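*Asks:* Structure of the sequence below:
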Amino acid sequence: MKIPVYNQSSEAVGGIYIAELSLLGVDSESINKLGTHRDDFYILFVLTKGKMIMECDMIEVKASALSIAIVKPFQIHAPKMVSPDAAGYYISVAPFLIPNDCAAVFENLKITDQFNKIDKLEKKDLLQNVTLLHSSFEKAISNKTAIVNGVFSALVYRFVNIYSASSTSVSELKNQSMLIYSNFKQLISDATFLESPSFFAEKLNITTSHLNYCVNASTGKSVTYWLQNAMILEAQRFLYYTEYDVKEIAFMLGYEDHTYFSRLFKKITGETPLAFRLKFRE
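*Replies:* Got it, this is the predicted structure:
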């Protein structure tokens, strides 16, 4: 049976969606309906009350208030239990909105470290930040996308600070495939995402077929997908944060033919670069 991949809610504002956990109707029936799946976006949880159990890449992790949790794109996960008194916030984030330095911290977390208890010193600032994000998301205000994005930017760095202070770096990866996938992701940069899969296989001293096998086994996606994904993330950041035109962005990403870049962008994302940009402009 193929594991489903879910896309972000159409209600997202500028690539960010937030809802109170208590408003999600989380009960045993809805938990079972959600089932085991992957998401093509990041999920951030802030659990302010109650308990929850989630299975993530075959590891069962328990969390109790007050704690934060993160689920990375394409991790296989499923909620197993949410206590009746559970409350907090669910946040989904388009990957292009996660800064590279933050993504690097998240990628290097062990699964057990993705669920992290919050101490009293961090509690007040974290809750103020997440409640401000939620209220900004819910209100009909001018410049809403920019405000939501700015408040989220502060929140994601709070998450990074918490994880950086309390977690160990990846010292135990589940198997060889996960280790190779992790090493492969570390080699991808804005200077390498146009390289061929064989370039990365050579760097890792393995065959291209073995690299593809390990990456696919770990994520359900091919090496080519992750290289194109890295390029698309950079393109989306340029389109979202800057005023460069599509031709200039294509050139900066290493494409001499901007029409080819536009076709590739639409093939991968389902929309043209300009349509992507206009979607986030008020």
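
*Asks:* which stretches of the stretch 51-200 of the chain form strands?
*Replies:* In the stretch 51-200 of the chain, the strands defined using DSSP state E, counting those that start in this stretch lie at 51-56, 59-64, 67-71, 77-82, 87-93, 115-117.

*Asks:* roughly how far is the last one from the heart of the chain?
*Replies:* In other words, strand 115-117. 17 Å (C-alpha atoms, centre = their mean, to the nearest Å).

*Asks:* helices and strands around that strand, which ones?
*Replies:* Other elements packing on strand 115-117 under the criterion 3 or more C-beta pairs under 8 Å, 6 or more residues apart in numbering; DSSP states H and E are strand 59-64, strand 67-71, helix 144-166. For every residue, glycine as well, the C-beta is placed using N, CA and C.

*Asks:* Distance to Ile232 and mean neighbour count added to the strands of the stretch 51-200 of the chain, as JSON lines?
*Replies:* Below are these laid out as JSON lines (distance: least, C-beta to C-beta, whole Å; neighbours: other C-beta atoms under 10 Å):
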{"stretch": "strand 51-56", "distance to Ile232": "25", "mean neighbour count": "19"}
{"stretch": "strand 59-64", "distance to Ile232": "29", "mean neighbour count": "16"}
{"stretch": "strand 67-71", "distance to Ile232": "20", "mean neighbour count": "22"}
{"stretch": "strand 77-82", "distance to Ile232": "23", "mean neighbour count": "17"}
{"stretch": "strand 87-93", "distance to Ile232": "15", "mean neighbour count": "21"}
{"stretch": "strand 115-117", "distance to Ile232": "29", "mean neighbour count": "18"}
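
*Asks:* Can you say which of the ones you listed is nearest to Val148?
*Replies:* Of all those, it is strand 87-93 that lies closest to Val148, at 10.7 Å by C-beta to C-beta.

*Asks:* Give me the contact list for the closest one.
*Replies:* 8-9, 12, 15-22, 24, 39, 41-50, 65, 130, 133-134, 152, 155-156 (C-beta atoms under 8 Å, 6 or more residues apart in numbering).

*Asks:* about what we covered before: can I get the strands of the stretch 51-200 of the chain in a markdown table with mean pLDDT and distance to Ala230?
*Replies:* Putting the strands of the stretch 51-200 of the chain into a markdown table (pLDDT from 0 to 100; distance: least, C-beta to C-beta, whole Å) gives the following:
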| stretch | mean pLDDT | distance to Ala230 |
| --- | --- | --- |
| strand 51-56 | 88 | 23 |
| strand 59-64 | 88 | 26 |
| strand 67-71 | 93 | 20 |
| strand 77-82 | 86 | 23 |
| strand 87-93 | 94 | 17 |
| strand 115-117 | 90 | 27 |
